[in-house]
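In: starting from these lines, generate the structure:
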Amino acid sequence: MPRAWSAKRERQYEHIKEGLRERGEPVDKAEEIAARTVNKERAQHGEAKTASRLSKTDLPASRRGGLRSHKGPGGRTKDQLYEEAKRMNIEGRSSMNKAELERAVDRKKK
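Out: Numbering: from 1, shown residues only. Here you go, the predicted structure:
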């Protein structure tokens, strides 16, 4: 655990690591995933000196809440896609249908 982390981030790291261990991940992999997750959260909240473009623009894990893991019948709802397009400043989003929003959001992510 890096010393630059606050007490909150250390607790977050331990919580994520323990959750992964309970699901059967090896210790090394659980530690790596937990550290990457905490570092990304720090970057998204302006706590890190440097951050990648994706870390700054991607949805935080707490807000994403499984959006990417449920690609079932319809995937994300139109409202979810619209909010994501809004965060990405995609022009013309108010007149787009669900399929157009999905294409625009996915195109902007790449």
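
In: how is this structure carved up into domains?
Out: 1-55, 67-110 (automatic domain parsing).

In: export these to TSV and tack on mean neighbour count and mean pLDDT?
Out: The way it works is simple: take the backbone N, C-alpha and C, and place the C-beta from them, glycine included. Output for those, formatted as TSV (neighbours: other CB atoms under 10 Å; pLDDT from 0 to 100):
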stretch	mean neighbour count	mean pLDDT
domain 1-55	14	85
domain 67-110	13	84
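
In: I'd guessed residue 84 sits against residue 105; true?
Out: Yes. At 5.1 Å, residue 84 counts as touching residue 105 under the criterion of CB atoms under 8 Å.

In: quick check: neighbours shared by the two?
Out: Common neighbours of residue 84 and residue 105, counting by CB atoms under 8 Å, 6 or more residues apart in numbering, are absent.

In: ok, the residue in the chain sticking out farthest from the centre to residue 5 distance?
Out: Farthest-out residue of the chain from its mean C-alpha position, per CA atoms, centre = their mean: residue 95, at 26.4 Å. Using CB to CB, to the nearest Å, residue 95 is found at 44 Å from residue 5.

In: equivalent analysis for residue 54, please.
Out: 21 Å.

In: what of residue 109?
Out: 28 Å.

In: cool, and residue 83?
Out: Applying CB to CB, the value for residue 83 to residue 5 is 30 Å.

In: pull the residues that contact stretch 102-110.
Out: Contacts of stretch 102-110 (CB under 8 Å, 6+ apart): 75-76, 81, 84-85, 88, 90, 93, 96.

In: so how far is residue 102 from residue 93?
Out: Taking CB to CB, one finds residue 93 at 11 Å from residue 102.

In: same check on residue 91?
Out: Taking CB to CB, one finds residue 91 at 16 Å from residue 102.

In: output the longest helix anywhere in the chain as CSV, nothing but the C-alphas.
Out: Secondary structure of the chain per DSSP state H: the longest helix is helix 27-44. Taking Å, rounded to 0.1, in the frame of the first residue of the first chain, the C-alpha atoms of helix 27-44 are listed here in CSV:
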residue,chain,number,x,y,z
VAL,A,27,-3.5,-12.7,-3.3
ASP,A,28,-1.2,-11.0,-5.8
LYS,A,29,-4.0,-10.5,-8.3
ALA,A,30,-6.4,-9.2,-5.6
GLU,A,31,-3.8,-6.7,-4.4
GLU,A,32,-3.1,-5.5,-8.0
ILE,A,33,-6.8,-5.0,-8.8
ALA,A,34,-7.5,-3.3,-5.5
ALA,A,35,-4.5,-0.9,-5.9
ARG,A,36,-5.5,-0.1,-9.5
THR,A,37,-9.1,0.6,-8.4
VAL,A,38,-8.1,2.9,-5.6
ASN,A,39,-5.6,4.7,-7.7
LYS,A,40,-8.3,5.3,-10.4
GLU,A,41,-10.7,6.6,-7.7
ARG,A,42,-8.0,8.9,-6.5
ALA,A,43,-7.4,10.2,-10.0
GLN,A,44,-11.1,10.8,-10.6
